[in-house]
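Enquirer: Fold the following, please.
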Amino acid sequence: MNKNIIYLGFVSFFTDFASAMINPILPIFVVFYLHESMDKLGIIVAIATFVSYMLRLVSGFISDRFGIVKPLVVAGYTLSAIAKPLFALTHSYKSVAALRAIERLGKAIRSAPKDAMLAHFGTKKRMGRAFGLHKSLDIAGEFSGTLALFLLLFFIGQSEDTIRSIFLATAIPSILGLVILILLVQDIKHPPKANPLTLQHADWHIIKELLFYFLFLLFFFSEAFFSIQAKKVGIDIAFIPLLFLLSSFTQTLTSYLSGVAIDRFSPKAILSLSYLFGVVAQLLLWLQKPLFTWLSFIFLGLFSLFSLNANRTLIAQKASSKATMYGFYYAGVAIFSAIGAYAVGIIWHTFGMQTALLYGLFGSFSIAVLFWLKALYGTFAR
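Expert: Numbering: from 1, shown residues only. The predicted structure follows:
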């Protein structure tokens with residue numbers, strides 16, 4: 001495995017360590033400490049998701065058009081490292097939304113060129129393994145950061161001051177990741193393309209394949225709503241990080257294996273399996289029992305991991321303008337996830353949690369069935 005893939009994995013490790021100290025408790029902080037409503041949380045999630053994914057299209061275009069790779073990656077990680085500790089200073093949903101947007105902007109800037117770097121350092125026959133290994137280190141960072149968050153909340157307390165101090169402490173792992181990126185990761189030669197938005201036939205085929213995934217995201221709950229549902233069914237705030245720990249642990253165990261499975265079968269086959277994981281996660285949430293909520297986080301992790309690795313590998317194997325296609329992928333995720341998050345927030349606030357859960361379950365199951373039927377039709381047609 002190319003050493004730069006490992007270095008990039010450790011950059012993601014420390015960055016996701018910092019993110020995991022924020023993500024599980026930020027929705028709780030907004031709703032129960034800042035006393036904002038569920039529709040306001042939906043707005044925060046929608047804005048953050050849109051910025052995080054939509055602007056990856058711009059970043060991917062810039063990378064392909066001008067041949068810029070590592071400088072964009074460094075800029076993205078720097079912006080995120082600056083924004084994370086500033087959550088400690090927020091006092092309203094507007095300031096949280098603004099900082100979340102800035103932090104996600106950093107992710108938007110770096111993601112497409114970083115994936116292009118991974119595709120460059122990997123080999124075509126082992127591309128799934130390259131993304132799988134990178135994601136393993138990424139998820140290990142989430143696992144470690146979530147464990148640190150749980151220990152801090154359990155032994156120090158759950159007060160607002162404690163949570164704000166945790167937000168400040170995220171500066172340490174963020175800076176460590178940035179140092180590794182700047183000093184150890186090599187830049188790549190990425191010849192500029194006159195018009196990377198001129199897509200080839202293979203690129204259009206990928207976009208059609210991704211359409212079902214985008215529609216699925218219209219109905220799939222974000223992690224923020226998973227957190228609030230856990231609190232609503234009676235799980236203590238101190239133990240909510242353990243739910244994310246369980247999800248991260250599941251992804252750590254299965255990430256490389258998912259890459260092997262993608263190489264052995266196909267990205268489309270593994271994506272089909274990921275939809276099953278997503279539907280089961282929504283079903284377990286809908287049952288509204290603490291035990292089922294714990295189990296739902298396992299399937300949340302499996303859906304997130306398998307779908308991400310499958311989609312990234314599909315683009316790496318088939319795309320002509322890779323960074324631009326990664327940008328298209330993330331832009332689709334942005335639009336559909338943002339609309340879905342806003343819709344869930346409104347439905348939850350207006351009609352209650354049960355209705356919001358039913359909306360998510362019915363919608364995700366319907367899209368999954370359509371995808372499976374299309375896959376079966378393609379098999380029989382051949």
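
Enquirer: What are the buried residues along the helix or strand residue 255 falls within?
Expert: Using DSSP states H and E, residue 255 maps to helix 240-264. Neighbour-count burial for helix 240-264, counted by 16 or more other C-beta atoms under 10 Å, picks out 240-252, 254-256, 258-259, 261-263. C-beta: built from backbone N, CA, C; applies to glycine.

Enquirer: Distance from it to the middle of the chain?
Expert: Distance, stretch centre to chain centre, for helix 240-264: 13 Å (C-alpha atoms, centre = their mean, to the nearest Å).

Enquirer: Would you check that residue 223 makes contact with residue 26?
Expert: No. The pair residue 223 and residue 26 does not pass the contact test of C-beta atoms under 8 Å, sitting 9.7 Å apart.

Enquirer: Same drill for those two, tell me which one is more crowded.
Expert: residue 26 (25 against 18; other C-beta atoms under 10 Å).

Enquirer: in the stretch 1-150 of the chain, which segments are predicted with low confidence?
Expert: The stretch 1-150 of the chain contains residues with pLDDT under 70 at 53, 124-125.

Enquirer: what ranges do the helices span in it?
Expert: Taking DSSP state H, counting those that start in this stretch as the test, the helices found in the stretch 1-150 of the chain are 3-20, 26-28, 38-66, 70-83, 93-121, 127-156.

Enquirer: now those helices as JSON lines including distance to residue 189?
Expert: Below are these laid out as JSON lines (distance: least, C-beta to C-beta, whole Å):
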{"stretch": "helix 3-20", "distance to residue 189": "13"}
{"stretch": "helix 26-28", "distance to residue 189": "39"}
{"stretch": "helix 38-66", "distance to residue 189": "12"}
{"stretch": "helix 70-83", "distance to residue 189": "11"}
{"stretch": "helix 93-121", "distance to residue 189": "8"}
{"stretch": "helix 127-156", "distance to residue 189": "18"}
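
Enquirer: Mind checking these for the one nearest to residue 219?
Expert: helix 38-66 (14.1 Å; C-beta to C-beta).

Enquirer: What is the distance between the closest one and the centre of its chain?
Expert: 12 Å.

Enquirer: And stretch 7-24, by the same measure?
Expert: Taking C-alpha atoms, centre = their mean, one finds stretch 7-24 lying 12 Å from the centre of the chain it belongs to.

Enquirer: Can I get it in CSV? Just the C-alpha atoms.
Expert: The C-alpha coordinates for stretch 7-24 follow below in CSV (Å, rounded to 0.1, in the frame of the first residue of the first chain):
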residue,chain,number,x,y,z
TYR,A,7,-0.4,9.3,5.7
LEU,A,8,-3.7,10.6,4.4
GLY,A,9,-5.4,8.0,6.6
PHE,A,10,-3.8,9.4,9.7
VAL,A,11,-4.7,12.9,8.6
SER,A,12,-8.3,11.7,8.5
PHE,A,13,-7.8,9.9,11.8
PHE,A,14,-6.9,13.0,13.8
THR,A,15,-9.4,15.2,12.0
ASP,A,16,-12.2,12.7,12.6
PHE,A,17,-11.1,12.3,16.2
ALA,A,18,-11.8,16.0,16.7
SER,A,19,-15.1,15.8,14.8
ALA,A,20,-16.3,12.9,16.9
MET,A,21,-15.8,15.0,20.0
ILE,A,22,-18.4,17.4,18.6
ASN,A,23,-20.9,15.5,16.4
PRO,A,24,-22.7,13.2,19.0
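
Enquirer: can you pull the contacts of residue 162?
Expert: With contact set as C-beta atoms under 8 Å, 6 or more residues apart in numbering, residue 162 has these partners: 152, 153, 156.

Enquirer: mind giving me JSON lines with the residues you listed and columns for distance to residue 307 and neighbour count?
Expert: What follows is those, written out as JSON lines (distance: C-beta to C-beta, whole Å; neighbours: other C-beta atoms under 10 Å):
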{"residue": "152", "distance to residue 307": "31", "neighbour count": "20"}
{"residue": "153", "distance to residue 307": "30", "neighbour count": "23"}
{"residue": "156", "distance to residue 307": "36", "neighbour count": "13"}
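
Enquirer: Just name the closest of those to residue 303, please.
Expert: Of those, the one sitting nearest to residue 303 (C-beta to C-beta) turns out to be residue 153, at 26.1 Å.

Enquirer: Setting aside sequence neighbours, what's the nearest residue to that closest one?
Expert: residue 238 (4.5 Å; C-beta to C-beta, 6 or more residues apart in numbering).

Enquirer: can you check residue 122 too?
Expert: residue 130 (3.3 Å).

Enquirer: Then residue 193?
Expert: Nearest to residue 193 is residue 64, by C-beta to C-beta, 6+ apart, at 5.0 Å.
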